[in-house]
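Q: Pasting the sequence and the predicted model now:
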Amino acid sequence: MGDTLITVVAIFLAAVLMFVFPLMSISERNDDISQLAVYTATVDFVDNIRSTGKITLDNYDKYIQTLSATGNSYDVEMSVKVLDENPGKKGAEATGAKIGENIYWTMYTSQIEEELGIGQANPRSTEKLLKEGDIVSVDVKNTNTTIAQMLKNFFYSISGNDTYSIEASHSGVVMTNGK
């Protein structure tokens, strides 16, 4: 009886070592590749906005398609801090370039998508023009549970709705006026 119990335990351990750990390793590698692809796409998208001075519907669609190509779903949060052109100068010597006198107001994802005409049949415009000094920020997080996350939750008892394994963020100052 003792030998059969040891044999069953040995077979179970061999099955775990032969199937589960390689599956965990491959799924974590897949998440790493997705993380790199999402980060690269986010940096390219923001740097394109910074160098051209505009957010276009075409570039936004390409960005979303690149993210979707990883096989995961994502929550994309964009914000644009628009430099106020008239900060209320009080004297002849006051300039908008002085430190501490720049005033920004913020546009968020829904406002930017509305201005780009996303979800509209006949959009007024398909681009959002920015000017030098505006600040663009994009944050991305996966919304689905990947295989690696499911395996980690099963084996390590990690739980929670706020756990995500793929995320990226990038921001920068617009360097040119959009035309």
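A: Great, that's in hand. Numbering: from 1, shown residues only.

Q: Just give me the longest strand of the chain.
A: Counting residues, the longest strand found in the chain (DSSP state E) is strand 74-83.

Q: Indicate each strand paired with that strand and its parallel or antiparallel sense.
A: Strand 74-83 has the following strand partners under DSSP bridges: strand 104-108 (antiparallel), strand 135-142 (antiparallel).

Q: Could you dump the ones you listed into a markdown table with distance to residue 18 and mean pLDDT added?
A: From N, CA and C alone the C-beta is placed, and that goes for glycine too. Output for the strands paired with strand 74-83, formatted as a markdown table (distance: least, CB to CB, whole Å; pLDDT from 0 to 100):
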| stretch | distance to residue 18 | mean pLDDT |
| --- | --- | --- |
| strand 104-108 | 49 | 90 |
| strand 135-142 | 29 | 95 |
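
Q: ok now do residue 115, which residues does it touch?
A: By CB atoms under 8 Å, 6 or more residues apart in numbering, residue 115 lies in contact with 107, 125, 128.

Q: Need the buried ones from those residues selected in PyMOL.
A: The PyMOL command for the buried members of these (criterion: 16 or more other CB atoms under 10 Å) is given here:
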select buried, resi 107+128
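
Q: Between the contacts of residue 115, which sits nearest residue 43?
A: Among the contacts of residue 115, residue 128 lies closest to residue 43 (CB to CB), at 19.3 Å.

Q: which sections of the protein are below the confidence cut-off?
A: 1, 85-101, 121, 123, 157-164 (pLDDT under 70).

Q: Quick check, central residue of it?
A: Geometric centre of the chain, nearest residue: residue 140, 1.8 Å, by CA atoms, centre = their mean.

Q: and that residue, what are its bridge partners?
A: On the basis of DSSP bridges, residue 140 is bridged to residue 76, residue 168.

Q: Residue 71 is in what secondary structure piece?
A: Using DSSP states H and E, residue 71 falls within no helix or strand.

Q: check contacts around it.
A: By CB under 8 Å, 6+ apart, the contact set of residue 71 is residue 34.

Q: what about 10 Å?
A: Listed by CB atoms under 10 Å, 6 or more residues apart in numbering, the contact set of residue 71 reads 30, 34, 144, 146.

Q: Now for the residues you listed: which two are most distant?
A: Among the contacts of residue 71, the pair separated by the greatest distance (CB to CB) is 30 and 144, at 12.9 Å.
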